[in-house]
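>>> Here's my sequence, what's the structure:
(2 chains)
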Amino acid sequence: MSDTSEQVLFTALSDAVLNMDEDTVQETAHKVVKEGFNAYQAIENGLVDGMNRAGQLFEDEEYFIPEILLCSDAMYAGLDILNPHIDRSLQRVRRKVVIGVVEGDTHDIGKNLVKTLLDAAGFDVVDLGRDIPSQVIVESAVEQNADVIALSTLMTTTMDGMASVVELLRQSGNRDKVKVIVGGGPVSQAFADRIGADGYASTAPAAVKLLHKLFQETAHV
Amino acid sequence: MSDKGQHHCKDSLSPLQRLDAYGKGLPVDRLPCVPIVGNTAARVLGVKVSALRNDGRALADAHIASYRRFGYDNIRVFTDLYTLAEGMGARIRVPEDETAFLDEPAIQGVSGISGLRPVDPYRDGVLPEHIEAIKRVVQEVGDEVPVTAALTGPFTNASFLIGAVTLSRLVLKDPAAVHALCRLSLESALAYAEAIFAAGGTPSLTDAMSSSTVISPKQFEEFSYPYLKTLVDHIHSKGRPATLHICGKTSPIWNRMADTGADCLSIDNDADLLDARRRIGDRVRLMGNVHPSAIMLQGTPESIREAVYQCVAAAGDNPRGFVVASGCSLPTETPFGNIDAMLDAVREIGYPVHAGFQQTAGKKSI
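Numbers count the residues shown, from 1 in each chain, chains lettered A, B, ... in the order given. Here you go, the predicted model:
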């Protein structure tokens, strides 16, 4: 159980996520558990590291949606195995993000991508799914004590739903507690400003950077 | 072609006269201009969006009214991208006053592919009503303006058959299944294209999922290009011009989009028109690319004028021609005044683009 072999397994996890190799991720994760290595570090230095590298390739236009989806499948397969073995005391408090696609829009590729990269970046992401009424989004965020509401749309017709989330949040007296970020094809910075959102991101990696900026954190390693 | 063709009160040529002369390098009054009106046509007619989708007469009336109201250079009979997939079994949700959207794909997994059949456009879904609409529009204004109908590209249609996320995974895990879905979608597209021709219209290709925002250029090459090429060849075999629209980022695939033989590429606001003109402007006409929501929906007539000037500065001298257009279909609630502003800016610029133009256009000029 040398440090090297631990590192070898972590690197193998990272590489397997990057290479979209779900089977190798699962085998390696089981080895980590069997050897009694630190599951939290295996996630951070293995799975998350691999997903971050995939996210970089996505930004560099070497990976596209199909590759990122398979990388995230591999990451989640590893998380399923490793999560039950995390020493809870090691975990730091994570910012909670409630994410969803607004009412009347069932396009959720972009939202899923943002969720995956936020998961990988260490946020605690609650995925409400697609076609969610503004009221439900706000209620869930308040109930879950969320720090962030992340909204996505691909349809101009549903952009009003984003504005109503901001408005409902204000009416519920929680506007100061929850940051609202928006993204998706028809959305722009100008639109985000107009509806009073806290930020706009044009891509999934940009959404991660935006939240780091909003919370003035350094990038999660 | 007909000099009896009607034209908008602010113009001196009909769209067909203008496009014909422009294509031949003869004098015209202005550049062609196509704010891509979709369900905004319902607003012009004063009806709910859902009133158009399955009613050929209303759909035709709306597009005729919208064309007459604004005077743009192409009518595109369109309600949403899902009509073919719906005819093949996808479930579409039709809100009363918003654009329809995909509720459930036609099949849940690869095992469902064998149960899929190409559409019969005279029977399936809302297609018969769309064909009826094309006929009516052609009858009413076909001698003055090109009448086209949106035809969803096979790869995009495949994503509606099995779901975009599933299709994206299959691209890497089961390419044969993707091809099977694309082939079925191609057969549907060819059948509908045939019906569009028979009604007197021309198919206009639109293929959102083939965007480099979604798939890689290599994946485009394998799963989109061959099917698009077949459709373009088919349109050409009828002696009609082919327009190809792909949303989002497309610069990595411009050359291959041009290789399909399409006569005109409609590019989205994610793409740089000046770059497009430099790279493929000697091969294809370009069309674009004022931002449909940030500018056309949310902008003011002044910001729209500015955006039009920037587009014309970038591509107005495109060797194979340029059509001032929105980057993608306009949002339903785009203010009429903003659509007027687009056409007015094009009228103000005139043709040939006058000498002082580049100064007016500001630093974006070449």
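>>> What sits closest to residue A:53 if chain neighbours are left out?
Nearest residue to residue A:53 in three dimensions, chain neighbours excluded: residue A:18, at 5.0 Å (CB to CB, 6 or more residues apart in numbering or on different chains). All C-beta spots, glycine's among them, are computed from the backbone N, C-alpha and C.
>>> quick one, what contacts that neighbour?
A:50, A:53, A:54, A:57, A:71 (CB atoms under 8 Å, 6 or more residues apart in numbering or on different chains).
>>> Just these: which are in helices?
Those of the contacts of residue A:18 mapping onto helices are A:50, A:53, A:54, A:57, A:71, per DSSP state H.
>>> Next, count neighbours for the third one.
Residue neighbour count, defined by other CB atoms under 10 Å in any protein chain shown, stands at 27 for residue A:54.
>>> Quick check: the nearest residue in space to it that is not next to it in sequence vs residue B:339, distance?
Nearest non-adjacent residue to residue A:54, counting by CB to CB, 6+ apart: residue A:71, 4.0 Å away. Counting by CB to CB, to the nearest Å, the gap from residue A:71 to residue B:339 is 42 Å.
>>> neighbour count winner among these two?
Neighbour comparison, residue A:71 and residue B:339: the larger count goes to residue A:71, with 29 against 25 (by other CB under 10 Å).
>>> surely that one meets residue A:51?
Yes - if you go by CB atoms under 8 Å, residue A:71 and residue A:51 touch, sitting 6.1 Å apart.
>>> which residues do the two both contact?
In contact with both residue A:71 and residue A:51: residue A:17, using CB under 8 Å, 6+ apart.
>>> ok, now which ones touch residue B:249?
B:211, B:212, B:213, B:268, B:270, B:271.
>>> Could you report the neighbour count for the closest residue in space to the third one that isn't next to it in sequence?
With CB to CB, 6+ apart as the criterion, residue B:213 has its nearest non-adjacent residue at 3.4 Å, and that residue is residue B:248. Residues lying near residue B:248 (other CB under 10 Å) number 19.
>>> Over to residue B:158?
Around residue B:158 there are 33 residues (other CB under 10 Å).
>>> part of a strand, is it?
No - Residue B:158: not assigned to a strand; according to DSSP: H, G, I helix; E, B strand; the rest coil it is helix.
>>> so it sits right up against residue B:175, yeah?
No - counting by CB under 8 Å, residue B:158 stays clear of residue B:175, with 11.9 Å between them.
>>> any idea which element residue 68 lies in?
You didn't say which chain, so I picked chain A. helix A:65-82 (DSSP states H and E).
>>> if you could check chain B rather than the one you did, that'd help
helix B:56-70.
>>> Tell me where the stretch 1-150 of chain B is predicted with low confidence.
B:1-5 (pLDDT under 70).
>>> mind redoing it with 80?
Applying pLDDT under 80 to the stretch 1-150 of chain B picks out residues B:1-6.
>>> Number of residues surrounding the residue in it positioned nearest to chain A?
Closest to chain A within the stretch 1-150 of chain B is residue B:98: 4.4 Å, counting by CB to the nearest CB. Residues near residue B:98, counting by other CB under 10 Å, number 22.
>>> circling back: for the residue nearest to residue A:54, which residues are in contact?
A:17, A:18, A:20, A:50, A:51, A:54, A:63.
>>> out of those residues, who's nearest residue B:320?
residue A:63 (33.5 Å; CB to CB).
>>> For the stretch 251-366 of chain B, which residues are neighbours of chain A?
Taking CB under 8 Å from any CB of the partner chain as the contact definition, the stretch 251-366 of chain B meets chain A at B:252, B:291, B:292, B:293, B:294, B:297, B:298, B:331, B:332, B:333.
>>> try 10 Å
By the rule CB under 10 Å from any CB of the partner chain, the part of the stretch 251-366 of chain B lying against chain A is B:252, B:268-270, B:291-299, B:303, B:328-334.
>>> Secondary structure element holding the nearest residue to residue B:283 once chain neighbours are set aside?
Once flanking residues are discounted, residue B:283 sits nearest to residue B:258: 4.5 Å by CB to CB, 6+ apart. Using DSSP H and E, residue B:258 sits in helix B:254-259.
>>> residues making contact with that helix?
B:207, B:210, B:212, B:217, B:220-221, B:224-225, B:228-229, B:232, B:244-246, B:250, B:253, B:265-267, B:271, B:275-276, B:279-284, B:286, B:320 (CB atoms under 10 Å, 6 or more residues apart in numbering or on different chains).
>>> can you pull the contacts of residue 11?
Since no chain was named, I'll use chain A. So residue A:11 contacts A:28, A:45, A:46, A:49, A:50 (CB under 10 Å, 6+ apart).
>>> Sorry, I should have been clearer: chain B.
B:17, B:18, B:28, B:29, B:30, B:33, B:71, B:73, B:343, B:346, B:347.
>>> Restricted to helices, list these.
B:17, B:18, B:343, B:346, B:347.
>>> Now the fourth one. Nearest residue, chain neighbours left out?
By that I understand residue B:346. residue B:33 (4.3 Å).
>>> Mind listing the residues bridging to that neighbour?
residue B:324 (DSSP bridges).
>>> And the next helix or strand past the longest helix belonging to chain B?
Longest helix of chain B, by residue count under DSSP H: helix B:175-198. Towards the C-terminus, the helix or strand next in line after helix B:175-198, according to DSSP H and E, is strand B:202-206.
>>> Neighbouring strands - and their directions - for that following strand?
Strand B:202-206 has these strand partners (DSSP bridges): strand B:147-152 (parallel), strand B:243-246 (parallel).
>>> Is residue B:264 in contact with residue B:204, as I believe?
Yes - at 9.3 Å, residue B:264 counts as touching residue B:204 under the criterion of CB atoms under 10 Å.
>>> what is in contact with these two at once?
Shared contacts of residue B:264 and residue B:204, counting by CB under 10 Å, 6+ apart, come down to B:74, B:241, B:242, B:243, B:244, B:245.
>>> burial count for residue A:175?
The burial count for residue A:175: 16, using other CB under 10 Å.
>>> Find the helix or strand that it is a member of.
With DSSP H and E as the test, residue A:175 turns up in no helix or strand.
>>> Please name the nearest non-neighbouring residue to it.
Here the residue nearest residue A:175, using CB to CB, 6+ apart, is residue A:169, at 5.1 Å.
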